[in-house]
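> Fold the following, please.
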Amino acid sequence: MATQVDIKELLAAGAHFGHKTSRWHPRMAKYIHSKRGGSHIIDLTKTVEGLDSALAFITKTVSEGKQVLLVSTKRQAAEMVQQTAEEVKMPFVVNRWLGGMMTNHNTINVRIKHLKSLEERMANGELAAKYNKLEVQRFQEEIEEMNVLYGGIKNMAAKVGAVFIVDIQSDHNAVAEAKKLGIPVVAICDTNVDPTDVNYPIPCNDDAAKAVKLVLSYVQSAIEAGQAGATKKADTPDKDESVKEA
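Residues are numbered from 1 along each chain as shown. The predicted structure follows:
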């Protein structure tokens with residue numbers, strides 16, 4: 001079932017408020033409705049169009065069994081992004097984007113395997129049995145520090161199906177790595193950014209917590225719809241197999 005976007009909800013959340021006209025990017029011109037009080041006003045009909053395309057793509061991607069990586073290292077949105085990702089069991093990055101997080105998967109994977117090994121050895125008591133309390137405490141601190149960096153991508157596939165980004169200016173490195181790998185980018189695009197490298201731009205205020213939270217709720221619904229579709233496919237026997245069984 002398609003995720004329904006409500007333009008009134010977008011208006012109430014302040015999704016239409018762009019940046020000061022002096023900070024605009026010309027490539028966002030087609031998404032701007034007007035100027036008010038020295039700031040640009042985003043055309044919410046374009047926001048709805050952008051969301052409709054982006055959400056349909058996300059649902060399709062997830063229904064094919066692929067992951068969507070959710071990204072926001074911007075403090076205002078980080079907690080919301082992590083909560084959304086955890087609820088739908090998708091990978092996320094909210095603290096710091098490490099260079100090569102997607103493009104250098106082998107190196108990152110070595111660190112993640114080390115983290116998982118330490119966690120397993122801590123949980124089964126191996127470290128406590130082998131080391132003294134101070135050394136065990138140091139291992140625990142290492143686990144916590146590594147989880148800050150890698151916790152959200154511990155179970156990320158070698159190549160995700162899409163990347164969703166709240167602010168492409170703050171997380172331009174994520175955009176660059178996705179582009180290098182040919183991974184489609186879905187992103188909120190405020191009036192001050194260049195949307196050229198975004199496959200599915202969502203023209204919207206990326207600073208207002210209410211607007212970001214609303215967009216994330218739509219993204220979550222789209223992911224859940226895709227997961228339901230994937231489950232349905234898995235539960236439906238292959239036509240050829242059905243014939244064989246008969």
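
> For stretch 208-216, could you pull out the residues that count as buried?
For stretch 208-216, a neighbour-count test (16 or more other CB atoms under 10 Å) marks Ala208, Ala211, Val212, Leu214, Val215, Leu216 as buried. Placement of C-beta: from N, CA and C, glycine included.

> which element is Met146 on?
Using DSSP states H and E, Met146 sits in helix 133-150.

> circling back: tell me which of the buried residues of stretch 208-216 is nearest to Val185?
Val215 (14.5 Å; CB to CB).

> helices or strands next to the helix or strand containing that closest one in the packing?
Applying DSSP H and E as the criterion places Val215 in helix 209-235. Contacts defined by 3 or more CB pairs under 8 Å, 6 or more residues apart in numbering; DSSP states H and E place helix 209-235 against helix 7-12, helix 44-63, strand 68-71, helix 75-87, strand 185-189.

> Looking at those, which is nearest to Ala158?
Using CB to CB, these put strand 68-71 closest to Ala158, at 12.0 Å.

> With just CA atoms, put the next helix or strand after the helix holding Met146 into PDB.
As assigned by DSSP H and E, the chain's next helix or strand after helix 133-150 is strand 162-165. Only the C-alpha atoms of strand 162-165 are listed here, as PDB (Å, rounded to 0.1, in the frame of the first residue of the first chain):
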ATOM      1  CA  ALA A 162      19.600   3.200  -1.100                       C
ATOM      2  CA  VAL A 163      20.800   5.900   1.300                       C
ATOM      3  CA  PHE A 164      18.400   8.400   2.900                       C
ATOM      4  CA  ILE A 165      20.100  11.700   4.100                       C
END
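
> If you count neighbours, what's buried in strand 162-165?
Ala162, Val163, Phe164, Ile165.

> contacting residues around the helix holding Met146?
95-96, 98, 108, 111-112, 114-115, 118-119, 122, 127-128, 131 (CB atoms under 8 Å, 6 or more residues apart in numbering).

> Perfect, I'm done here.
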